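> One predicted model, sequence on top.
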Amino acid sequence: MSWGILNQLQRQKEKFRKKNNAGYAVTRSEIIIVEKLRITGGKPLKGEVTICGAKNAAICILPALLLIDGSCRIENLPNISDVNRYIEVLKSLGLKITEERPGEIYVENHGITTTKCSFETCSKMRASYYLLGALLGRYKSAEVPLPGGCNFGSRPIDQHIKGFEALNAQVTLAQGVIKASTKKLIGTSIYLDIVSVGATINMILASVLAEGTTTIENAAKEPHIVDLANFLNTMGANIKGAGTDTIKIVGVKSLPGNATYSIIPDQIEAGTFMIAAAATGGDVTVKNCIPKHLDSISAKLVEMGATVQEMGDAVRVKCDKRLKKVNIKTMPYPGFPTDMHPQMAVLLSLANGMSILTESIWDNRFQYVEELKKFGAQIRIEGRSALIEGVKNLTGSPVNCTDLRAGAAMIIAGLAARGTTDIYRIEYVDRGYENVEEKFRKLGAKIERISE
Ligand code: EPU
């Protein structure tokens, strides 16, 4: 491609960017294909949707494969970019991974070729820090670039490092790479100062093969922590108490594997469809979910006036009137999940009255607010709270995704709004939602992916 065409393309994109307030760039070495979602909203969603395997369970079970001395099969893996990227990282370390069917992989670990992870892939994923716990746990050494992922302000990993050191590892950080090594990991008692999902998972990964017993106090209780423990126990580990705030891990000599494990359904994907049903005044049955994991979301929907019906492994959400305002504070599980915060903000934007939505996990999760205002939402930020004055209708607009869950919120807003919405930066959405437009289309939505 010549510079002339590149310049012309650059000028066109600049004009387009200014017009639509969308951001991207083109360089001499790469032409960027911009994908967007176009939604014509205002139509109630109706029908059934099937939830896939949980992203946050998959991305801690995948690194746990490094701990296995043999082979195993994983089922119900979601086809999302975070998972596909993780599989590439594991292959680059020397694991043999074969996709047997969509969502099903066969993994053989007969020893790896390196404990150094590449910057290229790790810097794009938050969950790359689980490679530290898994590599250290099995191979006593790990080099992992600082993690990437969604930007919610500062995302420290001091609790992970404190835990590794308590287990007798040495950890250093230089030139953006974390290096951890040990002669022998020795079980101990670790008290987490903050309820951290990632630190709890890393401590489990690092201690499964350690000598002696490790106790994690003030542990996170999210469903995917229980799923990781169940997976590791199926492969030969001895973990008790996952799902409570004290987890006890008795170190074993090896994890023989030789078993099949199916990942739990995605709590946040299910919650996203529940909110979308309510926001569009629809009637949607969310199938293949665990209703218990959705209790905090169902409770708020009911408080607002929607009908939520639990049916075995499904939840039906029905809404035929304007919902009432409600106050919400995000909390660690079993509280209202921070990963449902932006989606809920859309529903509150349409409710009758002023709701207060308080974020207690991340210090900067409000970046979506400016985008949501483009639909006509009335939101004011005060400290860690969004004060949301509900409006009767939202109006379609060109918007950007600012992170994964913010992207889901933009889709819900587009579906609920009158008129047309173009959503840019949808690579964020593809990180965590499988076939998102197809699933919404089956519920009657007018949504298409357009490449430019
Ligand atoms: N924190 C520390 N020090 C640490 C670790 C965490 O101060 O060493 C703080 C964080 O800054 C935050 C709080 O503790 O304020 C909780 O962080 P946590 O460690 O629980 O979050 P995480 O493990 O980095 C995971 C999910 C997030 C989800 C949070 C909370 C992954 C890869 N990420 O992050 O999911 O928001 O738990 O549930 O599993 C998403 O899926 O969209 C997503 C961002």
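Cool, got the structure.
> Tell me the spacing between whichever residue of the chain sits closest to the ligand and Leu45.
Here the residue of the chain nearest the ligand is Gly198; by C-beta to the nearest ligand atom that distance is 2.8 Å. Where C-beta positions appear, they are placed from N, C-alpha and C, glycine not excepted. Note on Gly198: its distance to Leu45, by C-beta to C-beta, to the nearest Å, is 33 Å.
> So which of these two has more stuff around it?
Counted by other C-beta atoms under 10 Å, Gly198 and Leu45 do not tie: Leu45 has more neighbours, with 25 against 20.
> show me what contacts the closest residue in space to the more buried one that isn't next to it in sequence?
Using C-beta to C-beta, 6 or more residues apart in numbering and skipping the chain neighbours, the partner closest in space to Leu45 is Gly282 (3.7 Å). Shown in contact with Gly282 (C-beta atoms under 8 Å, 6 or more residues apart in numbering): Pro44, Leu45, Lys46, Ala276, Val317, Lys318, Cys319, Leu443.
> just checking, the fourth one touches Phe440?
Yes - distance between Ala276 and Phe440: 7.4 Å, which falls inside the contact criterion (C-beta atoms under 8 Å).
> overlap in contacts of those two?
Residues within reach of Ala276 and of Phe440 at once, by C-beta under 8 Å, 6+ apart, are Leu45, Ile411, Leu415.
> Kindly reformat those as CSV containing distance to the ligand, pLDDT and secondary structure.
Shown next, in CSV, are the shared contacts of Ala276 and Phe440 (distance: C-beta to the nearest ligand atom, whole Å; pLDDT from 0 to 100; DSSP: H, G, I helix; E, B strand; the rest coil):
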residue, distance to the ligand, pLDDT, secondary structure
Leu45, 22, 98, coil
Ile411, 14, 98, helix
Leu415, 20, 98, helix
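> Turn the residues you listed into CSV, columns for distance to Gly212.
Formatted as CSV, these follow (distance: C-beta to C-beta, whole Å):
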residue, distance to Gly212
Leu45, 52
Ile411, 48
Leu415, 53
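> Those residues of this protein touching the ligand, which are they?
56, 59, 126-127, 150, 155-160, 194, 196-199, 220, 338-339, 361-362, 404-405, 432 (C-beta under 6 Å from any ligand atom).
> Show me just the buried residues among those.
Those of those that meet the buried threshold are 56, 59, 126-127, 150, 155, 157, 159-160, 196-199, 220, 338-339, 361-362, 404-405, 432, by 16 or more other C-beta atoms under 10 Å.
> can you pull out the helices in the stretch 1-150 of the chain?
3-20, 55-64, 81-93, 119-122, 130-139 (DSSP state H, counting those that start in this stretch).
> The stretch 151-300 of the chain too?
158-166, 197-207, 223-235, 267-279, 295-304.
> what's the following helix or strand after the last one?
Spelled out, that is helix 295-304. Scanning forward in sequence from helix 295-304 by DSSP states H and E, the next helix or strand is strand 307-311.
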